[in-house]
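Enquirer: Sequence and predicted structure are below.
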Amino acid sequence: MQLAAKIVEAADLETAAELCFENKWTDGLPVIPPTRGAVERIIHYLKRDPAEVIGVIQPRDGVATIETIAINCVMAGCKPEYVPVVIAAIEAMVDESFNLNGVQTTTHGCAPLAIVSGPAVKRLGFNTKECAFGHGCRASATIGRAIRLVLWNVGGGFPGEPCKTTQGHPGYYSFCIAEDADNNPWEPLQVERGFNADDTVVTIAAVEGPRLIGNGAGYGPAEDVLYVLADSIATLGSPQISGGDMVLVLAPMAAKNLSDGGYSKLEVKEELVRLATRPVGEVKHRRSIAEIHPAHWNKFADAKDDDARVPFIRGVERLVITVAGGWGSGSAFSSLCPGWGARRAKPLSRRVEFPSA
């Protein structure tokens, strides 16, 4: 096996960690020094050529190879069996329709969220229950971290230049969840997105950090839950006013409430498209949209009619819904991850290809 990466020697672990900081190989958190042996173990597991090119990472147009991805996965703390998920995520992000250059350089605070669905979720040990977005799960933490380190080290997504995000959010360190197949009352996310039920798939969407929604699913009818969800989407400060995609992570109780109320996932989306609106007269208070960029919403509502409704979801295909999190109390907290309002970018999904035994 021939590795191309430059070898840097360090006297001890502490020195190696400091070298990573000094050379800007990490985004502010300590990393595991990527020793030759650790990188070789991942490549041996993958059974792939280390020089194989997966894609070009914008904005600095760095080349992501199997070797460079493996290096960043070691730094993030990934087990070898996690790495195919990272590779699939990179394959999705380098597709032109994801608009990675925009995601990496926008002033908006979006970060790529990886949503893993399919049989490997349990095998890899993802947490799909309480604290699904949070701490305590090696699979989601290190896979999300590896994706970010690739964007950092290969793509050069550094704050200020070229990354212009005004504030960012904690998902810039790690942003990965998995769908709860046991509590999802509808078809799996990977099936909805065109794959087979026995495929493990990663779906990548550039979104804000999760916003909790207390949707009251334990107390009220499905129609009330939909109303509250829609009201949480249609806020004037949200970039969704421009269009773009978003991710809605329903708590199991909320998903059950809606399903028991007779709603399919498609019908949930259709109702949210219908309900998540604001009057033109209110939207005009968002002057940057109403006056500078009226084309963002003008074709969906009569700009001269203050009572006309401006939709915040421009079609069911613009809304990704998955199920994860704890059962919770009657409030059944769900999470909304608004997108960055980019109409020329969309979430993408890729099948995770695990090596044969």
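Expert: That came through fine.

Enquirer: Enumerate the positions of the one helix or strand residue 18 maps to that are buried.
Expert: Per DSSP states H and E: residue 18 is located in helix 13-22. Residues of helix 13-22 classed as buried by neighbour count (16 or more other C-beta atoms under 10 Å): 16, 17, 20. (Each C-beta comes from the backbone N, C-alpha and C, glycine too.)

Enquirer: What separation is there between the second one and residue 34?
Expert: Note on residue 17: its distance to residue 34, by C-beta to C-beta, to the nearest Å, is 12 Å.

Enquirer: now do the last one
Expert: When distances are taken as C-beta to C-beta, residue 20 and residue 34 turn out to be 9 Å apart.

Enquirer: Now list whatever residues contact both of the two.
Expert: Shared contacts of residue 20 and residue 34 (C-beta atoms under 8 Å, 6 or more residues apart in numbering): residue 75.

Enquirer: Where do the helices of the stretch 201-350 of the chain begin and end?
Expert: Under the criterion DSSP state H, counting those that start in this stretch, the stretch 201-350 of the chain contains helices at 222-233, 252-260, 265-275, 280-283, 287.

Enquirer: is it possible to export the ones you listed to TSV including mean neighbour count, distance to residue 158 and mean pLDDT?
Expert: As requested, the helices of the stretch 201-350 of the chain are exported to TSV (neighbours: other C-beta atoms under 10 Å; distance: least, C-beta to C-beta, whole Å; pLDDT from 0 to 100):
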stretch	mean neighbour count	distance to residue 158	mean pLDDT
helix 222-233	20	32	95
helix 252-260	23	38	95
helix 265-275	19	37	97
helix 280-283	18	35	86
helix 287	9	32	73
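
Enquirer: Among the ones you listed, which comes closest to residue 324?
Expert: Closest of the helices of the stretch 201-350 of the chain to residue 324 is helix 252-260, at 8.1 Å (criterion: C-beta to C-beta).

Enquirer: Low-confidence stretches in the stretch 251-357 of the chain?
Expert: In the predicted model, the stretch 251-357 of the chain carries pLDDT under 70 at residues 288-297.

Enquirer: redo that, cut-off 80
Expert: By pLDDT under 80, the low-scoring segments of the stretch 251-357 of the chain are 287-300, 303, 329-331, 342-344, 357.

Enquirer: just the strands in the stretch 201-350 of the chain please.
Expert: Secondary structure of the stretch 201-350 of the chain, counting by DSSP state E, counting those that start in this stretch: strands at 201-207, 211-214, 246-250, 277-279, 309-311, 319-323, 333-337, 348-351.

Enquirer: Against which helices or strands is the fourth one packed?
Expert: What that stands for is strand 277-279. Using 3 or more C-beta pairs under 8 Å, 6 or more residues apart in numbering; DSSP states H and E as the contact test, the elements touching strand 277-279 are strand 309-311.

Enquirer: what lines up beside the strand it packs on in the sheet?
Expert: Next to strand 309-311 in the sheet, as set by DSSP bridges, lie strand 277-279 (antiparallel).

Enquirer: contacting residues around the strand it pairs with?
Expert: 230, 234, 236, 241, 306, 307, 308, 309, 310, 311, 312.

Enquirer: Can you tell me which of the residues you listed is closest to residue 267?
Expert: Distance to residue 267 across the contacts of strand 277-279 (C-beta to C-beta) is lowest for residue 230, with 13.5 Å.
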